[in-house]
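> Predicted structure and sequence below. I'll ask about it afterward.
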There are 2 protein chains.
Amino acid sequence: MNWFCEEQTPGLKLCFKYRELLHSEETPYQKIEVYDTEEYGRILLLDGKVMLTEKDGFIYHEMLVHPAMGYLKKREKVVIIGGGDGGCLKEVLKYPVKEVYVVEIDRRVVEVSKKYLSFLASSFDDPRVKVFYEDGYKWLKEREDKFDLVIVDSTDPVGPAEILFSDEFLRVVSEKSFLYVTQSESPFLHVDFLRDFLKRVKKYFPYPLVYLAWIPTYPSGMWSFVMGRKRDTDIPDSPPPGLRYYTPRLFEASRVLPVFVWKRLYSP
Amino acid sequence: MNWFCEEQTPGLKLCFKYRELLHSEETPYQKIEVYDTEEYGRILLLDGKVMLTEKDGFIYHEMLVHPAMGYLKKREKVVIIGGGDGGCLKEVLKYPVKEVYVVEIDRRVVEVSKKYLSFLASSFDDPRVKVFYEDGYKWLKEREDKFDLVIVDSTDPVGPAEILFSDEFLRVVSEKSFLYVTQSESPFLHVDFLRDFLKRVKKYFPYPLVYLAWIPTYPSGMWSFVMGRKRDTDIPDSPPPGLRYYTPRLFEASRVLPVFVWKRLYSP
């Protein structure tokens, strides 16, 4: 048995015992690796960072998708930017949506996921799904139509994903969609990023929400999401059956922030 | 710079970059180590397991102490079993308690903490504190008096701390105190333990509560606590000022469990 480690921060590493390195390649965008691990099943890494594990990936995917889907009154056209592993797509397809657009910059993420993460990526075969291998920002900017929801399922806000946290991107999203949701890093490790990002989201979506989830294999295990809303929303609909983490009541609870997060985000 | 790793589970390690190993010894009970780390400040390990770090220890200590203290109408006599690092003690002393009994089996944990973790362990100098270097179970069994609250701040339920999760111990606690609280492991990793333990707590404390917190340096980052109550409690009092994690509203939110935890604990 061997071990591989993710350097979560310069001073902290999380190491997994693994059976096999199933895949490793350098694409024009990033390094893609898939490991088969002892306790966390298959793990997808991009540039050495854990994107998902078979064991706890459901938490991230459910919490990124269901709160926003629960608020939608119309669910015809949903966009996922990033998300080439198919995990968010799988959750979105649990609703009677008409069309889901996945805009993934790196075609190889989808191809590798189809091969090694079929428990998620089989969703790409659904006839409601259209995949574009393009830069998400450019794709969205050039579309003439509007969407019900834009979901950003991205890597960290450095390198290729940096644009997805920019004012310019937020402006484009706000022109195309009433509702928007994104992962927004660890409030334990990156609360200053979150504070700054939230302020910028608020410029384009005056009713933003911040909420948290436990994601054991992400740095610090405490992860945040930001939902951009153009107006206040009603009580969310009941989710589809069979979820393993999300309930509307848990979503409400996940918006109650620990003091150190709340203070940093909301005190002057 | 060197690294040390905690083997959190057989297939997962968390590794910290450290400046110095400040202390290491084998006592009759366990191995005690204190590291000075790059990002998490000083870290206390018992038998190779992280007990607390300077950076995130406040979460564990606040969440173990303040929910139960908030429910107490009378706060004269509080017992802490374990807790030789002084972190819980520091939180308890923020209330106008009359006496706090710390019952720590290993005198060296207190001595090492006084020397290397003075930001926590200075609380031992408070005149309201009485320290006993004894087995917590035996000490409690032999006391004639009753207490307002028993807090168990223990290591994992194997080895020396196993007794602190037994029926026999729960029975003794229930004879001495109306209210009881303990850490109860990770619901992500040890939900079967939690399920079994909760059932047993309920035999002696008919109104138990389970609640969760993010503790970044504990295995999975998702940690649980069980509070044993002999009857239902009112709304908790406001906490002392200056806390960094706990609020009564956050405590309420922390009792809303993710589906996979809730199902395992409460479905037949």
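On my side now, so go ahead. Numbering: from 1, shown residues only, chains lettered A, B, ... in the order given.
> Write out the residues of the stretch 51-200 of chain A neighbouring chain B.
For the stretch 51-200 of chain A, the residues in contact with chain B (C-beta under 8 Å from any C-beta of the partner chain) are A:56, A:59, A:188. Backbone N, C-alpha and C define where each C-beta goes, glycine included.
> On the three-state scheme, the second one is what?
Which is A:Ile59. helix (DSSP: H, G, I helix; E, B strand; the rest coil).
> For it, give its distance to A:Gly48.
21 Å (C-beta to C-beta, to the nearest Å).
> Can you tell me the SS state at the residue nearest to A:Met1 when sequence neighbours are not counted?
Closest residue in space to A:Met1, ignoring its immediate chain neighbours: A:Lys17 at 5.2 Å, by C-beta to C-beta, 6 or more residues apart in numbering or on different chains. Three-state call for A:Lys17 (three-state DSSP): strand.
> Contact partners for A:Lys17?
A:1-3, A:37-39, B:10-12 (C-beta atoms under 8 Å, 6 or more residues apart in numbering or on different chains).
> Now for whichever residue of chain A sits closest to chain B: which residues touch it?
Nearest residue of chain A to chain B (C-beta to the nearest C-beta) works out as A:Gly221 at 1.9 Å. Contacts for A:Gly221 (C-beta under 8 Å, 6+ apart) come out as A:214-215, B:214-216, B:220-222.
> Buried ones in the helix or strand where A:Val100 lies, by neighbour count?
Assigned by DSSP states H and E, A:Val100 belongs to strand A:99-103. Residues of strand A:99-103 classed as buried: A:100-103 (neighbour count, 16 or more other C-beta atoms under 10 Å in any protein chain shown).
> And for stretch A:120-131?
Buried residues in stretch A:120-131 (16+ other C-beta under 10 Å): A:120-121, A:123-124, A:129, A:131.
> got the phi/psi numbers for the spatially most central residue of chain A?
The centre of chain A sits closest to A:Asp153, judged by C-alpha atoms, centre = their mean, with a distance of 3.0 Å. Main-chain dihedrals, A:Asp153, degrees, to the nearest 10: phi -110, psi 80.
> Apart from its neighbours in sequence, what residue is nearest it?
A:Gly83 (3.6 Å).
> and what of A:Glu26?
Per C-beta to C-beta, 6+ apart, closest to A:Glu26 is A:Ile32, 8.0 Å.
> could you say which helix or strand contains that neighbour?
strand A:31-37.
> same check, this time on A:Arg200
helix A:191-204.
> What residues of that helix count as buried?
Quick answer for helix A:191-204 (16+ other C-beta under 10 Å): A:191, A:193-195, A:197-198, A:200-201, A:204.
> Check the gap between the nearest residue to A:Arg143 once chain neighbours are set aside and A:Val65 for me.
Spatial nearest neighbour of A:Arg143, chain neighbours left out: A:Lys176 (6.6 Å); criterion: C-beta to C-beta, 6+ apart. Distance, A:Lys176 to A:Val65, by C-beta to C-beta: 18 Å.
> Where do the domain boundaries of chain A fall?
Here the domain assignment for chain A is A:2-53, A:57-266, based on automatic domain parsing.
> Present those as TSV; the columns should include mean pLDDT.
Output for the domains of chain A, formatted as TSV (pLDDT from 0 to 100):
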stretch	mean pLDDT
domain A:2-53	97
domain A:57-266	96
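> and A:Leu179, that one's in a helix?
No. Assignment of A:Leu179 by three-state DSSP gives strand, placing it outside any helix.
> Hmm, it is touching A:Leu149, no?
Yes. At 4.8 Å, A:Leu179 and A:Leu149 qualify as touching, with contact defined as C-beta atoms under 8 Å.
> so what sits against both of the two?
A:68, A:72.
> ok now do A:Asp39, which residues does it touch?
Heads up, residue A:39 is Glu, not Asp. With C-beta under 8 Å, 6+ apart, A:Glu39 has these contacts: A:16-17, A:55, B:9-12.
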